[in-house]
Each structure stands twice: as C-alpha cells, then as structure tokens.
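In: Pasted the sequence and its predicted model underneath.
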Amino acid sequence: MNPILDALLSRQSVKFVQAPGPTAEQLDLILQAAMRAPDHGAIRPWRFRLIRQEHVPALVDLAIRAGLAAGKPMPDFKIQKWRTWLSKVPLVIAIGCRPDPTGRIREQESLLSVGTAVMNMLNATHALGLAGFWSTGMGTYLDGVAEALGFDALDERFMGYLALGTPIQQPEPVARPDYSDFVSEWQFDAEISA
Ligand SMILES: Cc1cc2nc3c(=O)[nH]c(=O)nc-3n(C[C@H](O)[C@H](O)[C@H](O)COP(=O)(O)O)c2cc1C
C-alpha cells in the first residue's frame, strides 16, 4: 500500500509510553508536520511547550496544587493515576492555541487548526515508529495549570497534553467504526428548497 496511507490507516493512540522518546531529529520532523496544518488567515495559532521527562514530576505536582487551589477533590487514586500514566513518558507537549486577536478568524477555526496540527503530530510520531496520546485530563481546564505552563489566561487556550514515546506494550489493533454510518449523499432537491 501507499506508505502514507499505510501510516494513516494503522495509527492508534497509546497511552502508556516510555523511553526512547523522539530524538532531536524526530521531534523536528514531528513539529514540522504540525506546521502543515490548515490555518485560515495564516493566524499560526499553535503553541507547543516541550516538557522533558525530568520535568514531568513537577508538572504532576503543579496540577495537584492547581486542583487543590480550585477546591477540587484530589483523592489519592486520582493522583496515583496521573503519576502512573506519566511515570515513564519521555516527552510531554503541552498544547496551546492563540486565536486571532482581531477576531476576524473565528476562535473555533484556530482551535480546529491546532487540532489538525496535533493530528499531524500523532501521525508523524506513528510514522516514525513511536506513539502518542492526547489527553485533556490532569487539570487541563484549571486556570492554574494553563498559567503555570505559560499560557496567557486572556489570549490563549490550553488544550491538553500530548505524551510521546515508545509503547510499553504493543497495542492490539482496535477495530474502527464503519464510516458508512457517518456518511450520506446530499443532492439538491427543488421541492425541499422551494
Ligand atoms: C482533544 C482530545 C482530548 C482527549 N482527552 C482524553 C483524556 O483526557 N483521557 C482519555 O482517556 N482519552 C482522551 N482522548 C482520547 C485519546 O487521545 C484517544 O484518541 C482515544 O483513547 C482513542 O484512541 P485512538 O486515537 O487510537 O482512536 C482525547 C482525545 C482528544 C482528541
């Protein structure tokens, strides 16, 4: 099969990853793939913060602090779940969006552009023999986390974490939905339009 389609049709998310993460050259390719995202008005809304393995425990700590500060229940099992998920991750990329400050391009279009950039990153990661997982857990929607990660509270949106690395266990292929359930034909109908 065409190798590009082969990669697109075999990608799946892998939550639990370990070292090795992307090399500098691989990360460069992954980020270049992000720059191929469609971007109405050339807003360049993508913002990525690279959080290397040695800084990940501090990231978990700050999410816990932000949760407590926001009055969220922080049971041990939840904290343990975060720590377990991230304990071996070699690279986390915090994903942000800076929509068009003039409002000419609607915010949803910038959010979509960031989403497509992340999709390209996931596909590039997979094509390089690595894997990734996008999560909006661990305090993504707490202002304290976005702020501590350096996202401007007024002008930027924090959109979660992309964890990249080598699968700890090779995933079983997951069956995908039949696209025909979501696709229909449309054609002009003069009677309905009248
Ligand atoms: C914006 C976004 C946020 C997500 N956040 C979470 C999350 O917090 N927790 C989770 O278990 N899966 C989350 N997912 C889903 C996983 O990233 C992944 O897509 C899902 O496990 C299905 O795997 P697949 O990509 O192989 O279909 C999120 C997906 C997207 C697009």
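Out: Nice, I can see it. Numbering: from 1, shown residues only.

In: Tell me where the protein is predicted with low confidence.
Out: Judged against pLDDT under 70, the chain has no low-scoring part.

In: Run through the helices of it in chain order.
Out: 3-8, 24-34, 56-69, 76-86, 107-127, 143-148, 190-193 (DSSP state H).

In: so what secondary structure elements neighbour the third one?
Out: What that stands for is helix 56-69. helix 76-86, helix 143-148 (3 or more C-beta pairs under 8 Å, 6 or more residues apart in numbering; DSSP states H and E). For the C-beta atoms, the positions are set from N, CA and C on the backbone; glycine is no exception.

In: one more time with 10 Å, if that's ok
Out: Using 3 or more C-beta pairs under 10 Å, 6 or more residues apart in numbering; DSSP states H and E as the contact test, the elements touching helix 56-69 are strand 46-52, helix 76-86, strand 91-97, helix 143-148, strand 157-167.

In: Same question for the fourth one.
Out: Based on contacts counted as 3+ C-beta pairs under 10 Å, 6+ apart, the elements that helix 76-86 packs against are helix 56-69, strand 131-135, strand 157-167.

In: buried ones in it?
Out: 79, 82, 85-86 (16 or more other C-beta atoms under 10 Å).

In: same question, the longest one
Out: For helix 107-127, the buried set under the neighbour-count rule, 16+ other C-beta under 10 Å, comprises 109-110, 112-114, 117-127.

In: do stretch 95-108 as well
Out: Quick answer for stretch 95-108 (16+ other C-beta under 10 Å): 95-100, 105.

In: Can you give the contact residues for that stretch?
Out: 34, 39-49, 109-115, 117-118, 121, 134-136, 140, 146, 149-152, 154-162 (C-beta atoms under 10 Å, 6 or more residues apart in numbering).

In: Of these, just the buried ones, PyMOL syntax please.
Out: The following PyMOL line selects those of the contacts of stretch 95-108 that are buried, judged by 16+ other C-beta under 10 Å:
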select buried, resi 34+39+43+45+46+47+48+109+110+112+113+114+117+118+121+134+135+140+146+149+151+156+157+158+159+160+161+162
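
In: restrict the contacts of stretch 95-108 to contacts with the ligand.
Out: Contacts with the ligand within those, as defined by C-beta under 6 Å from any ligand atom: 134-136, 160.
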